[in-house]
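>>> sequence and predicted model, in that order:
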Amino acid sequence: MKHISVLLKESIDGLNLKEDSIVVDCTLGYGGHSSEILKRIKKGYLYAFDQDEEAIAFSSGRLSEIGDNFTIIHANFANLKEELEKRGITKVDAILFDLGVSSPQLDEADRGFSYHQDAKLDMRMDQTQALSAYDVVNTFEEAELADIFYRYGEEKFSRSIAKNIVAARREHPIETTLELAEIIKNSVPERVRRASHPARKVFQAIRIYVNRELEVLEIALQDALSILAIDGHISVITFHSLEDRIVKNKFKEVTEVDPVLKGLPDVPKEKLPDFELVSKKAIAPTTEELEENPRARSAKLRVIKRIK
């Protein structure tokens with residue numbers, strides 16, 4: 001199973017792990033980050049979340065080769081706080097989010113994430129959930145589709161793409177990824193087709209919508225901050241501007257003094273922020289990493305620490 005973890009060293013170093021740290025990996029995937037975490041917490045414990053049963057099965061074996069001080073939780077990380085409380089955990093020392101789709105999910109044609117390979121339209125991270133990309137593409141109104149493409153893909157040609165999808169499905173249902181990609185390609189100007197794959201933004205938008213990715217991220221970030229112990233760190237790796245904006249804004253909100261109090265000569269201690277940024281700017285992959293893994297090109301890492 002070929003998967004190269006993005007910003008591996010930087011994100012794990014950002015967690016500031018101790019031998020006895022209690023750690024949460026919110027996005028287990030194929031176990032790249034979790035494996036590195038386990039190696040560093042011989043007397044600690046790891047709780048790893050994922051919705052994808054294939055990824056869980058693979059990573060369970062991979063992690064077992066390192067140690068047995070871990071639990072894999074088959075759940076969306078929106079349920080982070082609730083699932084940990086069930087296990088008696090109310091505070092943790094480090095939390096990792098590696099957002100987006102893992103390489104095996106992209107490369108495995110039958111998952112329906114890729115516009116390069118033909119497969120049934122799917123895009124569900126959790127194969128047990130009802131709503132799939134097929135449902136969105138074939139049943140949503142034209143205006144709803146245009147809104148999804150613009151909001152979650154920042155697609156300038158969202159209206160013409162939505163119009164052509166609705167026209168095409170009047171003839172027969174749009175069943176596969178390549179069918180959809182072809183409709184998208186024929187809906188945008190030639191110059192756009194030359195710049196990058198014309199389906200990229202729409203496929204991103206459908207995936208985000210199907211999996212409620214942004215909504216879930218906002219919930220999970222708030223919960224992660226609330227369960228972080230003093231001196232604990234959170235590392236978040238994002239892959240597009242919509243995710244990064246949510247993380248950047250949330251971190252900014254909790255690390256700044258209330259604007260009403262900023263002008264005071266002496267801000268009361270209890271009103272000072274509970275968190276501080278570990279790095280003022282987002283950390284990007286090195287040139288060497290990009291040469292090894294071009295898919296890392298859009299990745300950004302932000303790290304925050306609880307100080308009181």
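Thanks, I have the structure now.

>>> tell me the mean pLDDT over stretch 188-203?
Taken as a whole, stretch 188-203 has an average pLDDT of 88.

>>> now do stretch 38-57
Rounded mean pLDDT across stretch 38-57 is 94.

>>> before we move on, what about stretch 228-243?
Mean predicted lDDT for stretch 228-243 stands at 96.

>>> repeat that for stretch 122-137.
Per-residue pLDDT values over stretch 122-137 give a mean of 92.

>>> now that stretch: buried residues?
Asp122, Met123, Arg124, Met125, Ser132, Ala133, Tyr134, Val136, Val137 (16 or more other CB atoms under 10 Å). (Each C-beta comes from the backbone N, C-alpha and C, glycine too.)

>>> max pairwise distance over the residues you listed: which two?
Between any two of the buried residues of stretch 122-137, the greatest separation by CB to CB is 17.4 Å, found for Met125 and Val137.

>>> quick one: find the helix or strand in the chain with the lowest mean pLDDT.
helix 103-107 (a mean of 58; mean pLDDT, DSSP states H and E).

>>> now do the top strand by length along the chain: distance to the chain's middle.
Secondary structure assigned by DSSP state E gives strand 228-238 as the longest strand of the chain. The chain centroid and the centroid of strand 228-238 are separated by 15 Å under CA atoms, centre = their mean, to the nearest Å.

>>> can you name every helix or strand that it contacts?
helix 8-14, strand 92-98, helix 213-227, helix 241-255, strand 300-306 (3 or more CB pairs under 8 Å, 6 or more residues apart in numbering; DSSP states H and E).

>>> ok, residues contacting it?
Residues from elsewhere that reach strand 228-238, judged by CB atoms under 8 Å, 6 or more residues apart in numbering: 6-7, 11-12, 14-16, 91-100, 221, 224-225, 244, 247, 278, 299-308.

>>> and the next helix or strand past the host helix or strand of Glu182?
Taking DSSP states H and E as the definition, one finds Glu182 inside helix 177-185. Next along the chain after helix 177-185, taking DSSP H and E as the criterion, comes helix 190-195.

>>> would you mark the buried spots in that following helix?
Quick answer for helix 190-195 (16+ other CB under 10 Å): Val192.

>>> swap in stretch 181-201?
By neighbour count with 16+ other CB under 10 Å, stretch 181-201 contains the buried residues Ala181, Glu182, Ile183, Ile184, Lys185, Ser187, Val188, Val192, Pro198, Ala199, Lys201.

>>> contacts only, for the fourth one.
What that stands for is Ile184. Neighbouring residues of Ile184 by CB under 8 Å, 6+ apart: Tyr115, Ile161, Pro198, Ala199, Val202.

>>> and the gap between Tyr45 and Phe58?
As judged by CB to CB, to the nearest Å, Tyr45 and Phe58 stand 21 Å apart.

>>> re the thing from before, who does the longest strand of the chain pair up with?
Strand 228-238 sits in its sheet next to strand 92-98 (parallel), strand 300-306 (antiparallel), going by DSSP bridges.

>>> most tightly packed of the helices and strands packed on strand 228-238?
A comparison of the helices and strands packed on strand 228-238 by mean neighbour count, using mean count of other CB atoms under 10 Å, puts strand 92-98 on top with a mean of 25.

>>> the chain - how does it break down into domains?
Per automatic domain parsing, the structural domains of the chain span 8-104+213-306, 127-210.
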